[in-house]
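Trainee: Next comes the sequence, and after it the predicted model I'd like to discuss.
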Amino acid sequence: MRIVVAGGTGFLGSALVERLQKDGQAVTVLTRHPARSHHLRWDPYGAITAWAHVLEGADAVVNLAGASINNRWTATYKRAMWNSRVQVTRSLVAAMKSVRRIPPTLVNASAIGIYGPHDDEPLTEESGAGSGFLAGLGVAWEKEALAAGPEARVVLLRNGVVLGREGGALPHIALPFRLFVGGPIGSGRQYVSWIHRDDWAALVVWALSNTTVSGPLNATAPNPVTNLEFSRTLGRVLHRPAFVPAPAFVVRAVIGEMADVALTGQRVFPDKAHSLGFDFQFPTLEPALRAVYGDAGQRV
């Protein structure tokens, strides 16, 4: 297959590109900062004519572009989060439609934030969109991706908390544990829907090749845990205590509106992946965290 990956140099994209190349796939990465021969410079906010040609003859497009949510959500940064998802996806879909043969598959990143807060209610791909900034962003983001259909099969990859040592949320979560002040956040009863980065990459590869997969696809492990259980497990893996709680008012004071993500969470299940036969290498949390940190967990 010839696959074009937008946002292929980040924490998730780099893992996916490496996996695809190991599988013998031809990969072109769209990036604003090309560093390798298979990278192509693109400006997703400018004219598509400079880069749309790379989509000609592609078998699939994977769009992972989007500003990280792991920053303080000022009004300016929220606009950047919105534009880097909604506007960039609109540009990419327009480029797909501009070539003679539209790539037949688009796997477009989304997020479980689309469900909004639901306490401990089980959520699947059949669950509706919730309320709040992230839910509204998810709805708008997915709408732009779905515009690639019906010519293209569209998979909406609703990412949970992807666990990896090199990026994503885990280094931020682990920092207090490194300093011996780790523990649950808020009540600790809110759920964390997580997935190991290797399983995430394998799920994307599976979705690319499995033509029966379309629409929402929860990229989460089958065993979400409470924040309290996550904290205790992480402390055990890192050989650190996990009993210093972070009260909700302190979390809100430190990170502002982004605290809503950490203090509410969602209990999400990958029903579609399970029903269609995807096999998770890391279905439970402790083996996943031990795979991330290895034998050197106590030194992170």
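Mentor: Okay, I see it.

Trainee: remind me which residues of the stretch 151-300 of the chain are low pLDDT?
Mentor: For the stretch 151-300 of the chain, applying pLDDT under 70 flags the ranges 295-300.

Trainee: At which residues are the helices of it located?
Mentor: Along the stretch 151-300 of the chain, counting by DSSP state H, counting those that start in this stretch, helices occupy 170-178, 197-209, 227-238, 248-255, 259-264, 271-275, 285-293.

Trainee: out of everything not next to it in sequence, what's closest to residue 113?
Mentor: Counting by Cβ to Cβ, 6 or more residues apart in numbering, the nearest residue to residue 113 once its immediate chain neighbours are dropped is residue 134, at 3.2 Å. C-betas here are computed from N, CA, C, even on glycine.

Trainee: Quick check: phi and psi at that neighbour.
Mentor: Per-residue torsions, residue 134: phi -70, psi -40 (degrees, to the nearest 10).

Trainee: ok, back up a step: please name whichever of the helices of the stretch 151-300 of the chain is nearest to residue 76.
Mentor: Residue 76 sits nearest to helix 248-255 of all the helices of the stretch 151-300 of the chain, at 15.9 Å, using Cβ to Cβ.

Trainee: Which residues does the strand or helix carrying residue 96 contact?
Mentor: Per DSSP states H and E: residue 96 is located in helix 88-98. Residues outside helix 88-98 that contact it (Cβ atoms under 8 Å, 6 or more residues apart in numbering) are 6, 44-45, 48, 51-52, 55, 61, 63, 65-66, 102-103, 106, 108, 141, 144-145, 147-148, 151-152.

Trainee: Report the rounded mean pLDDT for it.
Mentor: For helix 88-98, the mean pLDDT works out to 97.

Trainee: Would you mark the buried spots in it?
Mentor: Of all the residues in helix 88-98, those buried under the rule 16 or more other Cβ atoms under 10 Å are 88-93, 95-97.

Trainee: immediately after that helix, which helix or strand?
Mentor: Defined by DSSP H and E, the subsequent element after helix 88-98 is strand 105-111.

Trainee: Sheet partners, orientation included, of the helix or strand following that following strand?
Mentor: Downstream of strand 105-111, the first helix or strand assigned by DSSP H and E is strand 122-123. Counting by DSSP bridges, the strands paired with strand 122-123 are strand 267-268 (parallel).

Trainee: where does the strand it pairs with sit relative to the chain's centre, distance-wise?
Mentor: 14 Å (Cα atoms, centre = their mean, to the nearest Å).
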